[in-house]
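Asker: model this:
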Amino acid sequence: MTNTTNLIATSAYKLSTTGQNDHISALKFITCGSVDDGKSTLIGRLLVDSKAVLQDHLAGVQRQGETDLALLTDGLSAEREQGITIDVAYRYFATETRKFIIGDAPGHEQYTRNMVTAASSADAAVVLVDATKLDWKNPALALLPQTRRHSLLAHLLRVHSLVFAVNKLDAVEDPVVAWKHIQGALQSFAQAAGITVRATVPVSALKGWNVVDGHAGWCGYQGPTLLQVLEELPNTPADTALAVAFPVQWVEKSSSSSADTSQGRRVFWGRVAAGNVTPGTPVQIFPSGQLATVAQVLDHARRPGDVPAGTSAGIILDREVDVSRGDWILAAPTAAAATPADDDFRDTPAAVPAWPSSRELRTTIAWMDDEPLVAGRVYWALHGHRWVKAKVKAVVHKLNINTLAEEAAIQLDPNAIGHVDLLLQEAIPAAAFSQARVLGSLILVDTASHKTAGAVLVN
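Answerer: Got it, this is the predicted structure:
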């Protein structure tokens, strides 16, 4: 991989000099990878070297006179006793140009569901690679399964930016050779999997090399530090260019006078999934099919105005319509183009829905339950805020994370990824996940144990 691949694309997000350090411009990223690759230590190094840790907090993570950086994120007693990360831990820090929200994802295979949860809302993923665990002398070295699995999951979940951080190169005999071979293996894997990598950086989380402060020429690397890379990464773009889609989370009776008949008396709250909601937008309620027009749009502070995708909003319609939690407010159907003909008795073309509904879905599932996924099983599926029953029609195939081959399968084992056909009890306005993140994602929940069983992406 050439040095040019370590440069961030010219279109990358850059904060203006006026600064807009709010929850929108803040970069939400996770650290992931295999067990003991140094994820918690890396976050600790970012916090300490960016001066985001108070002295009394730093004093509390001393062990035998040395600072244990991993303890800055591993807060559970079980994590500190075992020296591992179990649940996702979030930390916050800021530089002069950017705010950051970090999610420290666990590396153990059995906690893959926690990693998926963290990645689903992340703008970027930093995948750590432990050089000491690899056959770094071998140019054709094999990556660890969790490195591959976490990279694939981040890619499937449309995490906008992926960065590889090769850690512990200071602990190998020849860091230059190790960096060259590991970098080549990561590049080959990413190309085969269709993953776009924003940057690959050699780091030492323990010593702080190339994390916040550079270590010029180390491993022959001349690119930016990890923090410099993170400062330039873009936020995940919202699906604002699509037709309006709004899952209703809460219904509130408006405080306006009941005598006011110019608009509805209820406010429908939720987060805009797609499009840009503006007053005057014609909409249709799903599943009832009733038509209405948006009379007023409120932001999270109840200020009137337009609200784009990814932002919380309250919608007031122009008339009273029966809408409940779990319903969708969608862009109204558009009239189908009429075909010129001399036959005046032909049927009027049916309107084309902005978001067609379907009961049959072809999906990619990251399976997270201890019980395997098999055909015939029935689960609860959550789409937006709507619950429906989902039956597994067929397990089409599973993905071999080592070869990236699609293999025939009759079940998905825990932590496996595969293609599955689902049949829903009721139709939902689902779309391809590659097109719309919210409309294209569901979760499956076990009907008996109520455990989250799988993350579903609509193909």
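
Asker: who's in contact with the helix or strand hosting Ile329?
Answerer: In this assignment (DSSP states H and E), Ile329 forms part of strand 328-331. Strand 328-331 has contacts (CB atoms under 8 Å, 6 or more residues apart in numbering) with 243-248, 268, 275, 281-287, 315, 323, 353-355, 384, 386, 429. C-beta: built from backbone N, CA, C; applies to glycine.

Asker: kindly recompute the last result at 10 Å.
Answerer: Residues from elsewhere that reach strand 328-331 (CB atoms under 10 Å, 6 or more residues apart in numbering): 242-248, 268, 270, 272-275, 277, 281-287, 292, 294, 315, 317, 321, 323, 353-355, 357, 383-386, 428-429, 439.

Asker: and the helices in the stretch 101-250 of the chain, which stretches?
Answerer: Secondary structure of the stretch 101-250 of the chain (DSSP state H, counting those that start in this stretch): helices at 112-119, 145-156, 175-193, 226-232.

Asker: can you lay out these as a markdown table showing mean neighbour count?
Answerer: Shown next, in a markdown table, are those (neighbours: other CB atoms under 10 Å):
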| stretch | mean neighbour count |
| --- | --- |
| helix 112-119 | 24 |
| helix 145-156 | 22 |
| helix 175-193 | 18 |
| helix 226-232 | 22 |
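
Asker: quick one, which of the ones you listed gets closest to Lys51.
Answerer: Closest of the helices of the stretch 101-250 of the chain to Lys51 is helix 226-232, at 12.0 Å (criterion: CB to CB).

Asker: which strands and helices sit next to that closest one?
Answerer: With contacts defined as 3 or more CB pairs under 10 Å, 6 or more residues apart in numbering; DSSP states H and E, the packing partners of helix 226-232 are strand 27-33, helix 39-49, strand 99-104, strand 124-130, strand 161-167, strand 199-202.

Asker: quick one, the third one and helix 39-49 angle?
Answerer: So the one you mean is strand 99-104. 150 degrees (axes from the mean of the first three to the mean of the last three CA atoms, to 10 degrees).

Asker: check which helices and strands strand 99-104 sits against.
Answerer: Under the contact rule (3+ CB pairs under 10 Å, 6+ apart), strand 99-104 is packed against strand 27-33, helix 39-49, strand 89-94, helix 112-119, strand 124-130, helix 226-232.

Asker: list just the one of the ones you listed that sits closest to Trp367.
Answerer: Nearest of the helices and strands packed on strand 99-104 (CB to CB): helix 112-119, 9.0 Å.

Asker: which stretch in the helices and strands packed on helix 226-232 is the model least sure about?
Answerer: Among the helices and strands packed on helix 226-232, helix 39-49 has the lowest mean pLDDT, at a mean of 84.

Asker: kindly export it (C-alpha atoms) in CSV.
Answerer: Output in CSV follows, covering the C-alpha atoms of helix 39-49 (Å, rounded to 0.1, in the frame of the first residue of the first chain):
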residue,chain,number,x,y,z
LYS,A,39,-8.0,-1.2,22.0
SER,A,40,-8.6,0.1,25.5
THR,A,41,-4.9,1.1,25.8
LEU,A,42,-5.2,3.0,22.5
ILE,A,43,-8.2,5.0,23.8
GLY,A,44,-6.5,5.6,27.0
ARG,A,45,-3.5,7.0,25.1
LEU,A,46,-5.8,9.3,23.0
LEU,A,47,-7.4,10.6,26.2
VAL,A,48,-4.1,11.2,28.1
ASP,A,49,-2.1,12.7,25.3
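
Asker: elements contacting it?
Answerer: strand 27-33, helix 55-59, strand 66-67, strand 89-94, strand 99-104, strand 124-130, strand 161-167, helix 226-232.

Asker: in CSV, list the helices and strands packed on helix 226-232 along with distance to Thr403 and mean neighbour count.
Answerer: Converted to CSV, these look like this (distance: least, CB to CB, whole Å; neighbours: other CB atoms under 10 Å):
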stretch, distance to Thr403, mean neighbour count
strand 27-33, 20, 26
helix 39-49, 26, 25
strand 99-104, 29, 22
strand 124-130, 19, 26
strand 161-167, 20, 25
strand 199-202, 22, 25
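
Asker: Phe189: which of the ones you listed is closest?
Answerer: strand 161-167 (9.6 Å).

Asker: compute the inter-axis angle for the closest one and helix 175-193.
Answerer: Using the same axes, to 10 degrees: strand 161-167 against helix 175-193 is 150 degrees.

Asker: what residues sit buried inside stretch 127-145?
Answerer: For stretch 127-145, burial by neighbour count (16 or more other CB atoms under 10 Å) applies to Val127, Leu128, Val129, Asp130, Ala131, Lys133, Leu134, Trp136, Leu143, Leu144.

Asker: first-to-last residue distance for that stretch?
Answerer: This stretch, stretch 127-145, spans 12 Å end to end (CA to CA, to the nearest Å).

Asker: residues in contact with the nearest residue to Leu141 once chain neighbours are set aside?
Answerer: Spatial nearest neighbour of Leu141, excluding adjacent residues (CB to CB, 6 or more residues apart in numbering): Asp135 at 4.7 Å. Contacts for Asp135 were tallied using CB under 10 Å, 6+ apart; they are Leu141, Ala142, Ala178, His181, Ile182, Ala185.

Asker: in these, find the pair that's most separated.
Answerer: Ala142 and Ala178 (14.4 Å).

Asker: just give me the neighbour total for Pro429.
Answerer: 23 (other CB atoms under 10 Å).

Asker: measure the nearest residue to it once chain neighbours are set aside to Val244 for me?
Answerer: Nearest residue to Pro429 in three dimensions, chain neighbours excluded: Trp355, at 4.0 Å (CB to CB, 6+ apart). With the distance defined as CB to CB, to the nearest Å, Trp355 ends up 9 Å from Val244.

Asker: overlap in contacts of those two?
Answerer: Common neighbours of Trp355 and Val244 (CB under 10 Å, 6+ apart) are Ala273, Ala274, Gly275, Gln284, Trp328, Leu330, Ala331.

Asker: who's in contact with the residue nearest to the fourth one when sequence neighbours are not counted?
Answerer: Taking CB to CB, 6+ apart, and ignoring the residues beside it in sequence, Gln284 has Ala332 as its nearest neighbour in space, at 4.8 Å. Ala332 makes contact with 243-244, 281-285, 291-293, 351, 353-354, according to CB under 10 Å, 6+ apart.

Asker: tell me which of those is nearest to Leu424?
Answerer: Among the contacts of Ala332, and counting by CB to CB, the member closest to Leu424 is Pro353, at 16.8 Å.
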